[in-house]
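Chemist: okay, sequence plus prediction incoming.
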Amino acid sequence: VANVRDRRRMWGDELKSELDVFAKFVDYIDGKIPRLPWCETGILLETLPLKRRLTTINQCGFLTINSQPRVNGAPSSDNVVGWGGPDGYVYQKAYIEFFASLERIKALQKLASRPEYKTLSYHAVNVKGEQFSNYSNQNAVNAVTWGVFPGREVIQPTVVDMASFRVWKVV
């Protein structure tokens, strides 16, 4: 963890507008800033195919802190997205986690209600604990990463559920 002087050198002494904040997140995606308070390392190799889209998303005020590309049956030995034991296959749903204003969440809700986005699921929580979601089952657990390996059950190392998002709420 960097000291205050190092953080100011990384992120700047003064952010004068919302756009300045957006630009810092874009700088992180571009590798100009090595980390953010929520991201201890630079972006991973699997993020590179998303870089252009993540830049646009951050410029629009959806400040990304976690993401993964869609993966459909990559070998578990793949150098970028592989994991688990030998001779397996790994899968990922496209996923993005971000900070956003209520205004932007409302815009996302409107967009997600369109028929062409019927497979898009979202969940948001604000500092007051108010939740915004299109989950039909509020206790649903959404697997976003899983793997299939010979002689084993399907492994689901990454799941998303509403309870986990409440952790981000400031008490």
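Modeler: Here it is on my side, so go on.

Chemist: which SS state does the closest residue to residue 72 other than its chain neighbours fall under?
Modeler: Using CB to CB, 6 or more residues apart in numbering and skipping residues adjacent in sequence, the residue nearest residue 72 is residue 91, 6.2 Å away. (Glycine included, C-beta is placed from N, CA and C.) Assigned state for residue 91: strand (three-state reduction, DSSP: H, G, I helix; E, B strand; the rest coil).

Chemist: for the residue in the chain sticking out farthest from the centre, give me phi and psi.
Modeler: Farthest-out residue of the chain from its mean C-alpha position, per CA atoms, centre = their mean: residue 151, at 31.5 Å. Torsion angles at residue 151 (phi, psi; degrees, to the nearest 10) stand at phi 70, psi 20.

Chemist: how far away is it from residue 86?
Modeler: According to CB to CB, to the nearest Å, residue 151 and residue 86 sit 11 Å apart.

Chemist: now residue 80
Modeler: 17 Å.

Chemist: more neighbours: the two, which one.
Modeler: Remark: of residue 80 and residue 86, residue 80 carries more neighbours, 13 against 10, as counted by other CB atoms under 10 Å.

Chemist: tell me the contacts of the more buried one?
Modeler: For residue 80, the contacting residues are 45, 46, by CB atoms under 8 Å, 6 or more residues apart in numbering.

Chemist: name the element it belongs to?
Modeler: Assessed by DSSP states H and E, residue 80 sits outside every helix and strand.

Chemist: how close does the residue farthest from the centre of the chain get to residue 89?
Modeler: On the measure of CB to CB, residue 151 and residue 89 end up 14 Å apart.

Chemist: picking up where we left off before, dig out what the residue nearest to residue 72 forms beta bridges with.
Modeler: Per DSSP bridges, residues listed as beta-bridge partners of residue 91: residue 72, residue 146.
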